[in-house]
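> Requesting a structural model of the entry that follows:
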Amino acid sequence: MGFSLGARVPIERAGDEDTRQFIDFLKEDGFASFRRSEVSVPEMAIAAIKDCLAKSPVLPEDIDTVIFATESFSDSGTTDPIAVRNAFLSGLIGNCGITRATAHACWLNECANLSYALRLAHALVASGGAQNVLAVVADRHDDRSPRLMASGAAVMSDGAAAVLITGSNGAFRLRHVVTQFAPDVFAAERSNDVQRKTQSLMSDLARFAARIEAVTGRPVTGYPLVLTDNLHGMYLDFIREGLGIPPSRPSQPSKADAAHVFSIDGLLGLDALASSGDLPSSPIAILNIISWSFGFIVLEAT
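As a prediction, this is how the structure comes out:
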């Protein structure tokens, strides 16, 4: 794994006097700072890739597929998707030396983009369609809008993460990636129907829990550690109850340091635990979720 994060900024600077009570609400839940980057989304993505490659024995020219995920087309420096594409591909070739890979994009699932990118990477390697797949997720909040989420569940941060999926053993073995789209929740959110959204979300979470058990052979309650997005505990409790996860299981090791970095909170938490030597020996799960799109990633430390 490789990362590129913006500079650390005290959480108080994410709001103003009108939002002070919401910032205090987040501080009481463990938020302490957020990350702000001065560089563009493609630049963060390339920096994360270079960090990942520096830790890997795989040579840049041996990477045959790259999957780039972002939802930050509103980034004030790169609002044009063509500009994002050109800057990213130029960086791959010129700064990373990745010259033989085919490039793919993944951007339809907002803060669950990580799960969808990893699912594609995992499927390519498992099927023999590729040997070395690099999945990179990069996002940058547009500072023309508030960093405090409208729901008050978190403060948005800027950052990127790159993960190399290969057929050989690395620091972690990717076992499963389970994803699910919730169309009724999506439609209710578009029409601002809060009651319908809540009801649909609970039923879709129950369906997702059943899908996780069917695919992985283990119920959600069977995972001793579930790394989650860095959201306020009140919002997370709603998700946890819908999935049937015990209160003691969700973990957010990167929340105080990084706030909510779109879809990569779980990877940041995984890296923090690995660095401190606190990883459990049993399978590790990452819950990657927004209201209408869900991801559940299962890994093992090797």
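> Mind checking the pLDDT average for stretch 206-223?
Average pLDDT, stretch 206-223: 96.
> buried stuff in it?
For stretch 206-223, burial by neighbour count (16 or more other CB atoms under 10 Å) applies to Phe208, Ala209, Ile212, Thr216, Arg218, Val220, Tyr223. Backbone N, C-alpha and C define where each C-beta goes, glycine included.
> residue contacts, the fifth one?
Think Arg218. Ile212, Pro283 (CB atoms under 8 Å, 6 or more residues apart in numbering).
> Now it. Its backbone dihedrals?
phi -140, psi 130 (degrees, to the nearest 10).
> again, but for the second one
Backbone torsions for Ala209, taken as degrees, to the nearest 10, come to phi -60, psi -40.
> Wait, it touches Gly244, no?
Yes: in terms of CB atoms under 8 Å, Ala209 counts as a neighbour of Gly244; the distance is 5.5 Å.
> Would you mind listing the residues touching both of those two?
Pro219, Val220.
> So the most centrally placed residue in the chain: helix, strand or coil?
Central residue of the chain (CA atoms, centre = their mean): Ser263, 2.2 Å from the mean position. When classified by DSSP: H, G, I helix; E, B strand; the rest coil, Ser263 comes out as coil.
> That one touches Ala135, doesn't it?
No: Ser263 is beyond contact range of Ala135, at 11.1 Å (criterion: CB under 8 Å).
> shared neighbours, the two?
What both Ser263 and Ala135 touch, as defined by CB under 8 Å, 6+ apart, is the set Ala69, Leu114.
> quick one: least confident helix or strand in the protein?
strand 250-251 (a mean of 88; mean pLDDT, DSSP states H and E).
> Helix or strand next in line after that strand, which one?
Later in the chain than strand 250-251, the nearest helix or strand by DSSP states H and E is helix 255-258.
> Other residues contacting the helix or strand just after that following helix?
Per DSSP H and E, the first helix or strand lying C-terminal to helix 255-258 is helix 265-276. Residues from elsewhere that reach helix 265-276 (CB under 8 Å, 6+ apart): 1, 3, 114, 159, 161, 163, 171-172, 227-230, 251-255, 257-258, 261, 279, 284, 286-288, 297, 299, 301.
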